[in-house]
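Asker: starting from these lines, generate the structure:
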Amino acid sequence: MIDTPGLEGEDSDVRDPAVFLKSYGNFSQEDYDTGVMLDVINMSNPELSEYMSLKGGPLVGYGLSYKGHIEIWWNKDTEVNESTMDRIYSVWNKNGKLADIEDIPVVFSRCSKFKGD
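Answerer: Coordinates of the predicted model:
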């Protein structure tokens, strides 16, 4: 099977490219400590579980980007809601402050769910 990157057919296992939605926080800080950022992710997991698509929420997933900020993937089939993004960011920002990161940098992108085996 041959797939065109960025195009998803019925038999394709290639994900749609992510589309930028909104960013929050301070991206001018250099060299975020990966361990601290992972601590913030772990602290945020329980509070964000209700927003995950498996529980009917808009998020496909989230994680630490190679650039050091948090990437959040919004389900492309769910309407984008700014107030929901604000609430989700407030969780990240609160936990970032607990880990001594002011205005934690977060990027929301829209993407498809991965349909694995």
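Asker: doesn't Leu48 make contact with Lys55?
Answerer: No. At 10.1 Å, Lys55 does not count as touching Leu48 under the criterion of C-beta atoms under 8 Å. In this view, the C-beta of every residue, glycine as well, is placed from N, C-alpha and C.
Asker: between those two, tell me which one has more neighbours.
Answerer: Between Lys55 and Leu48, counting by other C-beta atoms under 10 Å, Leu48 is the more crowded of the two (18 against 9).
Asker: chain neighbours aside, what residue packs nearest to that one?
Answerer: Spatial nearest neighbour of Leu48, excluding adjacent residues (C-beta to C-beta, 6 or more residues apart in numbering): Val91 at 5.9 Å.
Asker: what is the helix or strand where the one you found lies packed up against?
Answerer: Using DSSP states H and E, Val91 sits within helix 82-98. If contacts are counted by 3 or more C-beta pairs under 8 Å, 6 or more residues apart in numbering; DSSP states H and E, helix 82-98 sits against strand 19-24, helix 34-48, strand 70-75, strand 106-111.
Asker: which residues sit against the helix or strand that comes right after the second one?
Answerer: Read that as helix 34-48. Once the chain leaves helix 34-48, the next helix or strand it forms, by DSSP H and E, is strand 59-64. For strand 59-64, contacts defined as C-beta atoms under 8 Å, 6 or more residues apart in numbering pick out 34, 37-38, 41, 48, 51-53, 70-75, 88, 111-114.
Asker: so which bits of strand 59-64 are buried?
Answerer: 59-60, 62 (16 or more other C-beta atoms under 10 Å).
Asker: and stretch 21-41, by the same measure?
Answerer: For stretch 21-41, by 16+ other C-beta under 10 Å, it's 21, 24-25, 32, 37, 39-40.
Asker: quick one, which of the helices and strands packed on helix 82-98 is nearest to Asn81?
Answerer: Ranking the helices and strands packed on helix 82-98 by their distance to Asn81 (criterion: C-beta to C-beta) puts strand 70-75 first, at 9.3 Å.
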